[in-house]
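In: requesting a structural model of the entry that follows:
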Amino acid sequence: MRHSSALGLVSRVLSGVVLLLVAGALPWLSRLDPAAAVLRARYAELEPTPEALAAIRQELGLDGGPLATSLRWWSGVLRGDLGTSWVSGGEIGPGVWHALGASATLTLFATVVALVVAAALVAPAALRVLGDQPQRGSGPLGVALTALPEFLLASALLVVVAVQLQWLPPYGWTGLDTAVLPSLSLGIPAGGLLGRLLSDAVSGVAEERWVNVWRLAGAPARVILAGVLRRAAAAVVDQLGLVFIGLLGGAVAVEQVFAIPGLGRYLLGSANAQDLPALQAGVLLMALAAVLVGVLASLARRLLRGGPLPAGSLPPPPEARGDGRAARWTAAIAAGLLLAILAFGLPRDPYTIAHARLAPPSLELPFGADASGRDLLARVAHGTIGTLTPAFLIVLLAIVVGLLLAVLGEVARGPAEIANATPPILAGVIIAALLGPSVGGAALAVLWVTWPPLTTHAAALIDEALALPHIRWLPLAGVTSLEIWLRHVLPAAVLPLLRHGMLRLPGVALALAALGFLGLGAQPPLPEWGLLLSEGIDYVERAPWTTVAPAIALILTSVFAVALAGLRRTRRTRSAAAPRLTEREDAEVSIPAAAV
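Out: Sure thing, here's the model as predicted:
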């Protein structure tokens, strides 16, 4: 266990160092002269003459290249000095610590909201455990919450609660009242994701054999529920850590909407201005926070499990039950509505300006028109292929990467936590610096921040698969290690990981579109769903259909993806699954360490 923990700590530190090195070399990776960027940021009116550029290089010591510049910065960090801004000339320390404090406070509030939402989604499954009733999953509510775009939710709350009702301030970071709306904007989608994962985990654990053994032994329902919740929480505690880290560094859009001086805006502004010392300081604090949260999440996982899982400590998975009718009907309805949008929208022209600006929905325009007078039904339909195709490919590739890295165990946790702490927009800036703005570059940037949670989830699934009783007997039957992994361990992790990946599909699509909106990927007038949402936000108060249409398509996609992945969770009736244990079988039932 000590060896595993040491590997995890080393991997986290090395991953943070690599991220800092990449950030430190950003001005040179961008194939632009960093002196020109600094000159433009400081003195926009001056011409970039050779003399002016030479003066900037001499002042900042840029002639030595990225390695010498980074080494000078690191020597200052070791003395407690985060450096001086290339743009403002002021000390970096006070500004970056203030940004971290604002983001940390917002993240704590958002985490509370996420836990409340997750608890509400898990409550039905917990009540079914108390009542010894068959499990049915968390339903479509969690899917809809997961599919809510944070910046769209933030804009809607801003318009309705702050502007129209005037209940709370519309922007700023001056007190508790200014933290309510951004916390809701970040916490509700995160809570939807956590609630879905935990509810699925509770549903699966409730069907394990040890739960029936406890019931036969007369254990109180509350004791059984506590064991089920502890066993399920062990599988998703890493996801809670990743959500916390992601909220800390990735709330750029919400911080922009509510004008919050957080770490996300600080990093984005530093990257755009090529302010290298400020960028490195922000990345350093973000990496340290990711390492700290990752270590705490690992400790929590071990405490919930009661220690490492030895081979054979978990019972075999329950038999599949039920006919899957609800999942099939849900998938069929969502797919049918999406196909209807495609059938009626693809024959229409998504680019021609042939209607009144912000025309309301009608028989001629079922979804209305956008601010330029273009048919929204046509734009949503044509955006389906351009949005979902790369999103599906990114999710599938992230699942493959997650499985491959999860096999490495604790070694993969460091890169996963550091990459997860990187805001998608910052990843997009770095990728664009390497490859230039393009759809492929935006896809790589989104992949950068998509594989970490899937890798962490895959590692937890593999740990539990290795702890199943029959795994320890396979070598005695002559089964090779490679065959055990390919035929028993990895198949046990693929389907739950696929379900998790489908939950992230809407977020991937939105991240792609957000990068395109910032000039780092697909560009207007392409009819991408996220771009449609971004373009309609300014008109959400007087023309809500400009955002409702793409939001509905996004939610339908999420419902279809999750229902499709949920087809595997078919079950027979409760009576058919009731165990008939002989004395020998009863003795062989292993109670999981996490439930004791």
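In: what is the neighbour count of G89?
Out: When neighbours are defined as other CB atoms under 10 Å, G89 has 9 of them. Just so you know, the C-beta spots here come from the backbone N, C-alpha and C atoms, and that holds for glycine as well.
In: helix, strand, or coil at it?
Out: The three-state assignment at G89 reads coil, by DSSP: H, G, I helix; E, B strand; the rest coil.
In: list phi and psi for it.
Out: Phi and psi for G89, reported as degrees, to the nearest 10, are phi 80, psi 0.
In: the nearest residue to L296 once chain neighbours are set aside sits in which helix or strand?
Out: What sits nearest to L296 in space, not counting adjacent residues and going by CB to CB, 6 or more residues apart in numbering, is G241, at 6.9 Å. Taking DSSP states H and E as the definition, one finds G241 inside helix 221-250.
In: mind pulling up the pLDDT for the residue nearest to L296?
Out: Listed pLDDT for G241 reads 77.
In: pretty sure it contacts G294?
Out: Yes - assessed by CB atoms under 8 Å, G241 is found in contact with G294 at 6.1 Å.
In: when the two are compared, which one has more neighbours?
Out: More crowded of G241 and G294, by other CB under 10 Å: G294, with 28 against 25.
In: now the helix or strand harbouring the more buried one against helix 221-250, angle please.
Out: For G294, the host element (DSSP H and E) is helix 276-305. With axes from the mean of the first three to the mean of the last three CA atoms, to 10 degrees applied, the angle from helix 276-305 to helix 221-250 works out at 170 degrees.
In: past helix 276-305, which element shows up next along the chain?
Out: By DSSP H and E, the next helix or strand past helix 276-305 is helix 325-345.
In: then that next one to CSV, C-alphas only?
Out: Output of helix 325-345 as CSV, limited to C-alpha atoms (Å, rounded to 0.1, in the frame of the first residue of the first chain):
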residue,chain,number,x,y,z
ARG,A,325,-38.7,-1.9,-21.4
ALA,A,326,-38.3,1.6,-19.8
ALA,A,327,-34.8,2.1,-21.1
ARG,A,328,-35.8,0.9,-24.6
TRP,A,329,-38.8,3.2,-24.7
THR,A,330,-36.7,6.2,-23.4
ALA,A,331,-34.0,5.6,-26.0
ALA,A,332,-36.6,5.1,-28.8
ILE,A,333,-38.5,8.4,-28.0
ALA,A,334,-35.3,10.5,-27.7
ALA,A,335,-33.9,9.0,-30.9
GLY,A,336,-37.2,9.5,-32.7
LEU,A,337,-37.4,13.2,-31.7
LEU,A,338,-33.8,13.7,-32.8
LEU,A,339,-34.5,12.0,-36.1
ALA,A,340,-37.6,14.2,-36.6
ILE,A,341,-35.4,17.3,-36.2
LEU,A,342,-33.0,15.9,-38.8
ALA,A,343,-35.7,14.9,-41.2
PHE,A,344,-37.4,18.3,-41.1
GLY,A,345,-34.3,20.4,-40.7
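In: quick check, pLDDT for G519.
Out: Reported pLDDT for G519: 63.
In: begin at 861 from now on, thanks
Out: Happy to do that; since the first residue is 861 now, the last one works out to G1379.
In: for the stretch 961-1110 of the chain, give me the ranges with low pLDDT.
Out: 995-1000, 1002-1004, 1006-1009, 1109-1110 (pLDDT under 70).
In: now the helices: where do they sit in it?
Out: With DSSP state H, counting those that start in this stretch as the criterion, the stretch 961-1110 of the chain has helices at 1000-1006, 1010-1017, 1040-1065, 1069-1076, 1081-1110.
In: the ones you listed into TSV, with extra columns for distance to L1237?
Out: Shown next, in TSV, are those (distance: least, CB to CB, whole Å):
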stretch	distance to L1237
helix 1000-1006	22
helix 1010-1017	19
helix 1040-1065	26
helix 1069-1076	49
helix 1081-1110	32
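In: which one of those is the most hemmed in?
Out: Comparing the helices of the stretch 961-1110 of the chain by mean neighbour count (mean count of other CB atoms under 10 Å), helix 1040-1065 ranks first with a mean of 25.
In: just the angle between it and helix 1010-1017, please?
Out: Helix 1040-1065 runs at 130 degrees relative to helix 1010-1017, counting by the same axes, to 10 degrees.
In: chain center to helix 1040-1065, what's the gap?
Out: Offset of helix 1040-1065 from its chain centre (CA atoms, centre = their mean, to the nearest Å): 11 Å.
In: which other helices and strands does that helix contact?
Out: helix 952-990, helix 1000-1006, helix 1010-1017, helix 1081-1110, helix 1112-1117, helix 1350-1363 (3 or more CB pairs under 8 Å, 6 or more residues apart in numbering; DSSP states H and E).
In: my read: D1060 touches R1359, true?
Out: Yes - using CB under 8 Å, D1060 is in contact with R1359, at 7.1 Å.
In: the helix holding G1101 vs helix 1350-1363, what angle?
Out: Using the same axes, to 10 degrees: helix 1081-1110 against helix 1350-1363 is 60 degrees.
In: related to what we said a few turns ago, please produce a markdown table containing the helices and strands packed on helix 1040-1065, extended by distance to S1158.
Out: Converted to a markdown table, the helices and strands packed on helix 1040-1065 look like this (distance: least, CB to CB, whole Å):
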| stretch | distance to S1158 |
| --- | --- |
| helix 952-990 | 18 |
| helix 1000-1006 | 25 |
| helix 1010-1017 | 27 |
| helix 1081-1110 | 8 |
| helix 1112-1117 | 27 |
| helix 1350-1363 | 19 |
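In: quick check: which of those helices is nearest to V1260?
Out: V1260 lies closest to helix 1350-1363 among those, at 9.8 Å (CB to CB).
In: buried residues in that closest one?
Out: 1350, 1352-1353, 1356-1363 (16 or more other CB atoms under 10 Å).
In: for it, give the mean pLDDT please.
Out: 80.
In: for that helix, output the C-alpha coordinates as PDB.
Out: What follows is helix 1350-1363, C-alpha atoms only, in PDB (Å, rounded to 0.1, in the frame of the first residue of the first chain):
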ATOM      1  CA  LEU A1350     -11.500  -5.400 -18.700                       C
ATOM      2  CA  PRO A1351     -15.000  -6.600 -19.900                       C
ATOM      3  CA  ALA A1352     -16.300  -5.900 -16.300                       C
ATOM      4  CA  ALA A1353     -15.100  -2.300 -16.600                       C
ATOM      5  CA  VAL A1354     -16.100  -1.500 -20.200                       C
ATOM      6  CA  LEU A1355     -19.900  -1.200 -19.900                       C
ATOM      7  CA  PRO A1356     -19.900   1.000 -16.700                       C
ATOM      8  CA  LEU A1357     -17.300   3.100 -18.300                       C
ATOM      9  CA  LEU A1358     -19.300   3.400 -21.500                       C
ATOM     10  CA  ARG A1359     -22.300   4.600 -19.500                       C
ATOM     11  CA  HIS A1360     -20.100   7.200 -17.800                       C
ATOM     12  CA  GLY A1361     -18.800   8.300 -21.100                       C
ATOM     13  CA  MET A1362     -22.300   8.800 -22.500                       C
ATOM     14  CA  LEU A1363     -23.100  11.000 -19.500                       C
END
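In: since that was my last question, I'll sign off now.
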